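S.K.: got a sequence here, can you model it:
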Amino acid sequence: MASILDPLVDKQGGIKKSANWYRTNVQSMADKFTARKLMNQGRLLGLPSGGRLNMFFYDPKGKKKLPYYDTFPLVLPLESIRGGFLGMNFHYLPYLLRFRLLERMQKFSTGGFDRTTRLDANYDDIKSIGLARPTIKKYLYNHVQSRFLRIDFDEAVLAAYLPVQQFKKAGTSKVWSDSRRMI
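M.R.: Below you'll find the predicted structure:
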């Protein structure tokens, strides 16, 4: 199945590019990427794909008490919890910091960044990584509102730069400012 990210993957030409390249090229095509389009054209699964990034629609429990939340997270599942999973939501970081965190996570990879790559990391592995701190969130299966879109690692950086975060109760500048303070 073709991916909505294929035009960017083709432009990338299989070569790892700079953070600036990703930001510029993704932003130049940003109007083509929406949460709904991604979900309609991707590899959808009933459960999150462990070791890979996942996107899904989410309505959090306790949202009335939360200062803000993301209803379309980009999550790397870390470990199972009762009724759900603990994961890293990259949307809580500004774009360049997402890129840097993905670079830091390479040490947990099963190889290069291609379709078969998986990250073998759990909470204990990443809890001391400052960049990861604001991304750690719990997700409950009974609050997931869609299937899970699997993002293979040859598309991970591209997905990290997509402007599809959907924060409620606060804008991205507030969320990212708070995240910077946590690092």
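S.K.: need the phi and psi values for the residue positioned nearest the centre of the chain.
M.R.: Here the mean C-alpha position of the chain is nearest to the C-alpha of Leu74 (Cα atoms, centre = their mean), at a distance of 2.6 Å. Dihedral pair for Leu74: phi -110, psi 100, per degrees, to the nearest 10.
S.K.: tell me how far it lies from Lys65.
M.R.: With distances taken as Cβ to Cβ, to the nearest Å, Leu74 is found 23 Å from Lys65. The way it works is simple: take the backbone N, C-alpha and C, and place the C-beta from them, glycine included.
S.K.: strands of the chain, start to end?
M.R.: 43-45, 53-55, 69-70, 74-81, 84-89, 136-140, 148-151, 167-168 (DSSP state E).
S.K.: which one of those strands is the most hemmed in?
M.R.: strand 53-55 (a mean of 24; mean count of other Cβ atoms under 10 Å).
S.K.: strand partners of that one, parallel vs antiparallel please.
M.R.: strand 74-81 (antiparallel), strand 148-151 (antiparallel) (DSSP bridges).
S.K.: what's the closest of these to Lys174?
M.R.: Lys174 lies closest, by Cβ to Cβ, to one member of the strands paired with strand 53-55: strand 74-81, at 18.5 Å.
S.K.: so Leu119 touches Leu76, yeah?
M.R.: Yes - Leu119 is in contact with Leu76 according to Cβ atoms under 8 Å; the separation is 6.3 Å.
S.K.: what's the average pLDDT for stretch 53-73?
M.R.: Mean per-residue pLDDT for stretch 53-73: 97.
S.K.: sorry, back to before: any common contacting residues for Leu119 and Leu76?
M.R.: Counting by Cβ atoms under 8 Å, 6 or more residues apart in numbering, the common neighbours of Leu119 and Leu76 are Gly51, Arg52, Met105.
S.K.: from these, which would you call buried?
M.R.: Among the shared contacts of Leu119 and Leu76, those buried by neighbour count (16 or more other Cβ atoms under 10 Å) are Gly51, Arg52, Met105.
S.K.: between those residues, which is closest to Ser179?
M.R.: Ser179 lies nearest to Met105 out of these, by Cβ to Cβ, at 16.6 Å.
S.K.: in stretch 164-172, which residues are buried?
M.R.: Val164, Gln165, Phe167, Thr172.
S.K.: how about the helices in this structure?
M.R.: Assigned by DSSP state H, the helices in the chain fall at 6-12, 19-28, 35-40, 95-105, 123-126, 156-161, 172-182.
S.K.: ok and the fourth one relative to strand 74-81, angle-wise?
M.R.: Yep, that's helix 95-105 we're talking about. Angle of helix 95-105 versus strand 74-81, following axes from the mean of the first three to the mean of the last three Cα atoms, to 10 degrees, is 50 degrees.
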